[in-house]
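In: quick one, what's the 3D model for this:
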Amino acid sequence: MMMVEGGQGHAQGAEVRLEGQTKDMRTEINGGSGKEGNYELKHVLQNPEGDGAALEAGNEEPVREEWSGKLDFMLSVIGYAIGLGNVWRFPYLCFRNGGGAFLVPYLLTLIFAGVPMFMLEVSIGQFLSIGGLGIFKISPIFKGVGIAAAVMACWLNVYYIVVLSWGLYYFYSSLTSELPWKDCSHEWNTETCRNPYEKPFNEACTLSTETYPCAELGDDYRDCKNSTSASSQAVFCEFVNNANSTVRLFVKNVTDPVGEFWEKKALEQTGGVDEPGGLKVELVITLGIAWVLCYFCIWKGVKWTGKVVYFTALFPYFLLTILFLRGVTLDGASQGLEYYLKPDFSKLTDSAVWIDAATQIFFSYGLGLGAIVALGSYNKYHNNVYKDALIVCSVNSCTSIFAGTVIFSFLGFMAKEQGVDVADVAKSGPGLAFLAYPSAVLQMPLSPLWSCLFFFMLMFLGLDSQFCTMEGFITAMVDEFPRYLRPHKEIFIAFVCLFSYIVGFSCISRGGIYVFQLFDEYAASGMSLLFLMFFECIAVSWGFGARRFRLAMHDMIGYYPSYFFVACWSVITPAICGGVFLFKLFTWKNIVYQGYHYPWWAHAIGYFMAGSSMLCIPVYAIWLWCTTPGTWREKMDTIVSPTLDLTEIRPKGSEAAALSKLTHL
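Out: Numbering: from 1, shown residues only. Okay, here's the model as predicted:
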């Protein structure tokens, strides 16, 4: 028996199926235009990654949702991509890597990797109308990338929401007439705490007449920066501490109430990861509240998600603008902005600067985790994704740079108040935002009100990023197993939230900040994210093929994308990801947090978290190659670069299935 089906659009030809062939293989006869008589025999694997994405005959797949309006999609993507990555993570990475020096690789990666990959992810989701795992039917051997993304999203869901729990704790602490980090009169304050708002720095602190050895002062202090100097004058501060004793301390040994509230009260930070110190009950409660909010934001599905972001995506701009106007008018702001915008090119020889900049682009854009693909998959088929991607990327990076301007203006003010360099004003780490922003609101009239508004904003910034990451993971799972999970989506989401909440306890113990730093370094950022982005780009540009992807874009938006993007997808972006990955590998240094060196077993846990996602890619590829029948050429045609029957890939009833002119590609 022979069945012949006609193709359409750019993939005309005939299909031949023989009963004698194996169940999982079909043979297609493809001819370019169908006129020249030049036909090519190709073997096409039916569901090469298994039956998980297929439904048995006679079982109806539940209808897949779409956005109720264009603005819902735009604000959801903006709300997802603009979040804690902009106002929390970008400033602390910028501060950690020398301010302006960080902006050089950041902007390069933005142009040649961030924008092209963002466009690629939204486009492929819109073209196929399926989530993160399903898109790798275009090149089945790379499905391990989708699995790795799902694993990485699980890790991110666990620790990213911890920042929200900190924000909620600060929000609760702000519900008072006097902010608790305003002075040094509380039980958690130490005897070295000086309130900079009680007595100005130039009145409380003076430069000594005698000199002190640089070994005691530090190599980065005043004259000690000059390698020929063995000693330097030093600034000492004299003040009455909380024990009513007059003390005179070296300026670097003086602490401030904002920093002590963060370390001694909010975290109750221990000395290391091997000193867990038990759970902090307040953070257990705030983390639980954050997860409940996240659950109710996504359990009703994508249309309700779209409505939520009308507020969550726009309110932060109002508050950041208010803080910006106050920050740039403070004494010392120019000192902070100079540190932020003036690059120290000597730092560009450090691989950490490059890997932090590259991964910050991917992290803040939300790339590699399946979420952007998922959000794009709910789009109308002919939505102009090309224009959307350029708008969202521009808004995202401008927001990061704007938030950096806000925070560095306050860091300059804090440096002036404390009498130290901007580089020494705060400990570089994930808590930077919880030092700079609380200091900022102290400079505002009605500071408790502004503090409540800011941490309310921070909660929503993190929340829309969190529920979109969750949406990406949930969409990938539900699209992979639609018959089992789609009818019970709310229950599945509840299980994921509860499991992630329990695992997140490791980050809210009194030693949890050290665990949090391990997650941030190894689990969903750094080398593991670069590794994933490299193979995701290769899967689309070489497995599926840049030429076919341009045809897909043309079918959706009516014109071809620029060859600049084709060059990026094919060569430049993979070269950036691979180059920075190797640079980091050859100059490897273990993570150090505020001078604390982790024990070997902590690094082993970090390597496990990184390997849990990275190994999915080669392991799945090797497994599929070994279990797929056929010659080397047949395997290439079926699992690396197959001819696609798009009617089998796209969900039944989706706009893509109804409106696309392409049925085979």
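In: buried residues in stretch 637-656?
Out: 637-646, 649-651, 654-656 (16 or more other CB atoms under 10 Å). Glycine gets a C-beta too; all of them are placed from N, C-alpha and C.
In: going by distance to residue 282, which of those residues wins?
Out: Of all those, residue 651 has the smallest distance to residue 282: 44.3 Å, by CB to CB.
In: ok, the closest one touching residue 130?
Out: Yes. Applying CB atoms under 8 Å as the test, residue 651 and residue 130 come out as touching, 6.5 Å apart.
In: now the common contact residues for these two.
Out: residue 479 (CB atoms under 8 Å, 6 or more residues apart in numbering).
In: what about the stretch 451-600 of the chain, any weak spots by pLDDT?
Out: 468, 472 (pLDDT under 70).
In: quick one, helices of it?
Out: Along the stretch 451-600 of the chain, the segments classed as helices by DSSP state H, counting those that start in this stretch run 482-485, 489-503, 512-518, 526-538, 546-557, 563-567, 573-586, 600-614.
In: which parts of the second one are buried?
Out: What that stands for is helix 489-503. Neighbour-count burial for helix 489-503 [16+ other CB under 10 Å]: 489, 492-493, 496-497, 500-501.
In: any chance of these in a markdown table with distance to residue 251 as columns?
Out: Below are the buried residues of helix 489-503 laid out as a markdown table (distance: CB to CB, whole Å):
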| residue | distance to residue 251 |
| --- | --- |
| 489 | 57 |
| 492 | 55 |
| 493 | 51 |
| 496 | 49 |
| 497 | 46 |
| 500 | 43 |
| 501 | 42 |
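In: just the strands in the protein please.
Out: 13-16, 25-31, 39-45, 205-213, 231-240, 246-250, 592-593, 596-597 (DSSP state E).
In: C-alpha coordinates for the fourth one, PDB please?
Out: Translated: strand 205-213. Extracted in PDB, the C-alpha atoms of strand 205-213 (Å, rounded to 0.1, in the frame of the first residue of the first chain):
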ATOM      1  CA  CYS A 205      36.500  61.200  62.000                       C
ATOM      2  CA  THR A 206      39.900  62.700  61.600                       C
ATOM      3  CA  LEU A 207      43.200  61.900  59.800                       C
ATOM      4  CA  SER A 208      46.000  60.800  62.100                       C
ATOM      5  CA  THR A 209      49.300  62.600  62.200                       C
ATOM      6  CA  GLU A 210      51.300  59.400  62.700                       C
ATOM      7  CA  THR A 211      51.600  56.600  60.100                       C
ATOM      8  CA  TYR A 212      50.700  53.000  60.400                       C
ATOM      9  CA  PRO A 213      52.100  49.900  58.600                       C
END
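In: residues making contact with it?
Out: Identification of contacts with strand 205-213 by CB under 8 Å, 6+ apart yields 230-238, 251, 419.
In: if we go to 7 Å?
Out: 230-237, 251, 419 (CB atoms under 7 Å, 6 or more residues apart in numbering).
In: so residue 91 sits right up against residue 431, yeah?
Out: No. Residue 91 lies out of contact with residue 431 (CB atoms under 7 Å); the separation is 11.4 Å.
In: distance of the closest residue to residue 91 other than its chain neighbours relative to residue 661?
Out: Closest residue to residue 91 apart from its sequence neighbours, by CB to CB, 6 or more residues apart in numbering: residue 407 at 4.2 Å. Between residue 407 and residue 661 the computed distance is 49 Å (CB to CB, to the nearest Å).
In: when these two are compared, which one has more neighbours?
Out: Higher neighbour count among residue 407 and residue 661: residue 407, with 29 against 11, using other CB atoms under 10 Å.
In: hmm, residue 130 and residue 479 touching each other?
Out: Yes. The criterion here is CB under 7 Å, and residue 479 meets it with residue 130 at 5.1 Å.
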